[in-house]
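[1] Okay, here's the prediction I keep looking at, along with the sequence it came from:
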Amino acid sequence: MRPLRVPILRRFLKDDHGQTMAVIAVVIFALMSLSAAGVEAGHVYYAYRLLQASTNAAALAAGQAMPNIGTSGSTTPGTAWGNLATYSAESGEMNATSLLQNVSITANFYCSTSITGAPISLGCYSPPSGEGSCTTGTTCNAVKVIQTAQVNLWFGGLVGFRTLNLTSQATAAMKGGGHLPYNIALIIDTTASMNGNAPSSDGCSGSHATQIECAVYGALLMLEQMYPCVGGPTTNCSTTSNYADAVALFAFPPVKVTSTTNYTSDDTHCPTSNPPIVPYGFEDVTSTDSTYSLNLPNPTGSGSTYGSADAGTYQIVSFDKTYKTSDGATTLNTGSPGDTLGLPVAVGAVSGCNGLQAPGGEGTFYAQVIYQAQAALKAQQTSEAGQGYYTENVMIILSDGDATSCSAQANTAAGGQSCGGGSSQIVAWNCPSNNVGGTGCTGHALNGTCPTSTTCSSNPNYLSTAYPSALGECGQAVQAAQYATSQGTIVYTVAMGSETTGSCLSDAQYTISSGSTYGAIGYPSGSYSHQACNAIEAMASNVNTFYSDNTAGCPASTANTAYQTIGAIFDAVSLSLTTSRLVPNGTS
């Protein structure tokens with residue numbers, strides 16, 4: 001038997017038939033394994049990129065809503081937490097996908113000291129009252145987002161792995177990206193007090209030595225950072241209709257307009273000179289005046305010192321998108337001799353031109369210019385919507401103090417301003433001094449009719465502080481600004497040497513609540529109750545949109561204490577009008 005088995009075994013070992021089949025089987029198995037691994041790797045990587053993209057989107061959306069943090073776990077868009085959920089990959093949300101399962105997202109809203117420094121230089125902000133809180137600390141300017149998910153493996157089950165856990169992270173600064181499309185109404189105080197010297201701490205000197213010069217210099221710095229026409233850094237702003245930042249300039253007191261002359265040109269053509277001004281329009285408002293925007297009246301009557309054809313306007317420059325030649329330009333458009341360059345001239349960008357002047361003469365009355373600027377913003381927004389552009393509205397109000405316009409008819413017993421001056425003061429221009437009398441008269445003129453002592457004492461309208469009146473002027477300004485905020489406008493206020501004593505005392509009966517309504521604080525309240533500082537802060541939409549140079553003891557909000565020169569304030573305002581931006585993970 002043995003001799004027989006050995007030859008057969010040897011023959012079998014020497015036989016090479018079928019070896020190719022074995023090699024092919026091994027190779028096919030290896031190729032299929034590698035192919036499956038490659039397909040699985042591509043599948044997982046694609047799922048990861050979807051997760052990372054949604055994490056980036058969620059971080060940017062959350063940053064864009066800041067400092068309105070909202071409630072943790074909220075899914076309502078408009079707050080940081082709500083936007084976070086909306087742009088996540090969680091089931092039912094905008095970036096949900098069948099490739100990702102069991103998605104969860106977390107966020108940490110914190111104050112990044114790296115972001116407060118250059119090149120972003122973004123301060124840490126307090127969430128508005130009732131609008132949530134930062135995760136770490138009381139202020140924040142950044143959000144760190146972590147999103148986790150599971151991806152079902154297509155071939156992993158063959159080796160015992162049916163799912164794979166994925167994690168992605170993104171960090172975003174709340175500002176510092178590109179500019180959104182804004183309509184901006186810039187309101188600058190041009191009362192006589194603005195001709196005083198600007199404090200050295202305002203950062204202005206030399207050709208910007210007065211307060212009005214310093215104010216327009218700050219506006220110039222802001223405009224240099226704006227993007228008036230979208231389409232790239234070389235897009236010609238004079239030939240494009242699309243834009244990001246259209247700016248209109250308003251001033252108070254109102255500037256004279258006649259049937260033949262618009263004296264706003266004194267501020268927008270070179271050389272400039274002080275334009276003639278007209279009184280504020282203190283007339284009764286009826287329930288039909290739903291727009292709150294009265295036309296400035298034509299002063300008439302024997303008491304007028306302004307002429308029968310005189311009317312006024314607060315708008316010095318209409319909404320402009322050609323103040324820069326392109327988005328990439330670092331200076332304003334100075335054009336060629338003879339060019340109409342209203343906005344660059346008004347902010348002193350054109351050599352040899354003085355810029356916006358401060359003629360003064362009628363004192364400070366904010367409310368009417370605020371209502372009219374808001375009406376102009378809404379009209380501009382509607383016009384742009386008709387062309388297919390979505391824009392947001394911004395109002396920036398700069399002033400140095402109290403609302404002190406006065407009427408010879410003011411009821412001093414009720415706390416009104418009484419400046420005398422007979423027929424030359426505000427409402428008194430159409431009420432000769434011999435008709436002014438009665439202890440009941442205030443700043444109202446009943447439909448432009450000169451009151452007698454009898455009608456003053458019997459008509460309750462003459463005792464009213466309701467807009468527009470020479471009584472309660474600070475309170476009217478706060479109400480006007482908070483009305484603008486309620487209409488979706490972001491209101492910034494800049495207190496330039498604002499008083500903390502002895503002002504706004506006519507507003508004792510005004511009580512405007514804070515936080516839960518539309519202002520940064522209530523009025524009158526706080527450490528400077530009834531003062532101009534209190535009023536200007538209450539006019540801001542929230543604590544983050546109030547700035548002050550703090551030269552007269554009026555402190556800036558906590559978020560803006562780093563910005564107390566006029567240049568730094570307008571730089572900060574410009575930055576706040578940008579979108580959120582991604583920053584490297586680990587930014588502390």
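    Structure's in. What do you need?
[2] Number of residues surrounding the nearest residue to Gly363 once chain neighbours are set aside?
    The spatial neighbour of Gly363 that comes closest, neighbours along the chain excluded (Cβ to Cβ, 6 or more residues apart in numbering), is Ser405 at 3.8 Å. Quick note: C-beta positions are derived from backbone N, CA and C, even for glycine. When neighbours are counted by other Cβ atoms under 10 Å, Ser405 registers 27.
[3] where does the stretch 151-300 of the chain have low pLDDT?
    In the predicted model of the stretch 151-300 of the chain, residues 230-235, 238-243, 259, 279, 281-300 satisfy pLDDT under 70.
[4] How about the contacts made by Glu131?
    Glu131 sits next to Pro67, Asn68, Ile69, Gly70, Thr79 when contact means Cβ atoms under 8 Å, 6 or more residues apart in numbering.
[5] Return the closest of those with respect to Thr561.
    The closest of those to Thr561 turns out to be Pro67 (Cβ to Cβ; 15.4 Å).
[6] how long is stretch 165-185 from one end to the other?
    Across stretch 165-185, the terminal residues are separated by 51 Å (Cα to Cα, to the nearest Å).
[7] what separates it from the chain centre, distance-wise?
    In terms of Cα atoms, centre = their mean, to the nearest Å, the centre of stretch 165-185 is found 15 Å from the chain centre.
[8] Would you mind listing the buried residues in it?
    Neighbour-count burial for stretch 165-185, with 16 or more other Cβ atoms under 10 Å as criterion, is recorded at 166, 168, 170-177, 179-185.
[9] so what does the helix or strand hosting Leu575 touch, helix or strand wise?
    Secondary structure from DSSP states H and E places Leu575 in helix 566-576. If contacts are counted by 3 or more Cβ pairs under 8 Å, 6 or more residues apart in numbering; DSSP states H and E, helix 566-576 sits against helix 211-224, strand 490-495, strand 546-548.
[10] how about JSON lines for these, with distance to Ala89 added?
    Listed next are these as JSON lines, based on distance: least, Cβ to Cβ, whole Å:
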{"stretch": "helix 211-224", "distance to Ala89": "39"}
{"stretch": "strand 490-495", "distance to Ala89": "31"}
{"stretch": "strand 546-548", "distance to Ala89": "38"}
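[11] Can you say which of the ones you listed is nearest to Asn354?
    Of all these, it is helix 211-224 that lies closest to Asn354, at 8.2 Å by Cβ to Cβ.
[12] Tell me the buried residues in the closest one?
    Residues of helix 211-224 classed as buried: 211-224 (neighbour count, 16+ other Cβ under 10 Å).
[13] by how many degrees do the helix holding Leu575 and strand 490-495 diverge?
    If you take axes from the mean of the first three to the mean of the last three Cα atoms, to 10 degrees, helix 566-576 sits at 170 degrees to strand 490-495.
[14] what about helix 566-576, average pLDDT?
    Computed over helix 566-576, the mean pLDDT rounds to 93.
[15] again, but for stretch 400-416
    Mean pLDDT, computed over stretch 400-416, is 55.
[16] Would you verify that Phe252 is located in a strand?
    Yes. The assignment for Phe252 (DSSP: H, G, I helix; E, B strand; the rest coil) places it in a strand.
[17] Tell me the one among the contacts of Glu131 nearest to Ser498.
    Of all the contacts of Glu131, Pro67 has the smallest distance to Ser498: 23.6 Å, by Cβ to Cβ.
[18] ok, back up a step: make TSV from the buried residues of helix 211-224 and add distance to Val159 to it.
    As requested, these are exported to TSV (distance: Cβ to Cβ, whole Å):
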residue	distance to Val159
Gln211	76
Ile212	77
Glu213	76
Cys214	72
Ala215	72
Val216	72
Tyr217	70
Gly218	66
Ala219	67
Leu220	67
Leu221	63
Met222	62
Leu223	63
Glu224	62
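[19] Packing partners of whichever strand or helix holds Gln169?
    Gln169 belongs to strand 163-173 when elements are defined using DSSP H and E. Here strand 163-173 touches helix 19-65, strand 142-152, strand 581-583, going by 3+ Cβ pairs under 8 Å, 6+ apart.
[20] what's the angle from that strand to strand 142-152?
    Strand 163-173 and strand 142-152 are oriented at 160 degrees to each other (the same axes, to 10 degrees).
[21] hmm, back to that, please identify which of the helices and strands packed on strand 163-173 is closest to Ile277.
    With Cβ to Cβ as the measure, helix 19-65 is the member of the helices and strands packed on strand 163-173 nearest Ile277 (41.1 Å).
[22] how far out from the middle of the chain is that closest one?
    Chain-centre distance of helix 19-65: 44 Å, with Cα atoms, centre = their mean.
[23] how about the helices in the stretch 451-588 of the chain?
    Here the stretch 451-588 of the chain has its helices, by DSSP state H, counting those that start in this stretch, at 453-458, 473-486, 532-539, 566-576.
[24] For the third one, give me every contacting residue.
    In other words, helix 532-539. The contact list for helix 532-539 (Cβ under 8 Å, 6+ apart) reads 366, 370, 397, 399, 401-403, 474-475, 477-478, 480-482, 491, 493, 495, 498-500, 503-504, 507, 512, 514, 519-526, 528, 546, 548, 552-554, 557.
[25] Select, out of the helices and strands packed on helix 566-576, the one closest to Thr113.
    strand 546-548 (21.2 Å).
[26] tell me the mean pLDDT over that closest one?
    The average pLDDT within strand 546-548 is 95.
[27] and what of stretch 84-99?
    Mean pLDDT, stretch 84-99: 94.
[28] how about it: buried residues?
    Neighbour-count burial for stretch 84-99 flags Leu84, Ala85, Thr86, Tyr87, Ser88, Ala89, Glu90, Glu93, Asn95, Thr97, Leu99 (criterion: 16+ other Cβ under 10 Å).
[29] Can you list which of those are found in helices?
    Judged by DSSP state H, these include Leu84, Ala85, Thr86 as members of helices.
[30] related to what we said a few turns ago, wait, which of the contacts of Glu131 is closest to Ile115?
    Of all those, Ile115 sits closest to Pro67, with 13.3 Å by Cβ to Cβ.
[31] could you dump stretch 581-588 to PDB, C-alpha only?
    The C-alpha coordinates for stretch 581-588 follow below in PDB (Å, rounded to 0.1, in the frame of the first residue of the first chain):
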ATOM      1  CA  ARG A 581     -17.600  85.200  10.500                       C
ATOM      2  CA  LEU A 582     -15.900  81.900  11.200                       C
ATOM      3  CA  VAL A 583     -12.700  82.000  13.200                       C
ATOM      4  CA  PRO A 584     -10.200  79.200  14.000                       C
ATOM      5  CA  ASN A 585     -11.400  76.600  16.500                       C
ATOM      6  CA  GLY A 586      -9.700  77.000  19.800                       C
ATOM      7  CA  THR A 587     -10.000  80.800  19.600                       C
ATOM      8  CA  SER A 588     -10.000  81.900  23.300                       C
END
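[32] buried residues in it?
    Within stretch 581-588, the residues that qualify as buried are Arg581, Leu582, Val583, Thr587, counting by 16+ other Cβ under 10 Å.
[33] Run through the residues that contact the second one.
    In this case it means Leu582. Counted by Cβ under 8 Å, 6+ apart, Leu582 has contacts Asn56, Ala59, Leu60, Ala170, Thr171, Ala172, Ala173.
[34] Next: the last one.
    For Thr587, the contacting residues are Ser112, Ser114, Ile115, Ala142, Thr171, Ala173, by Cβ under 8 Å, 6+ apart.
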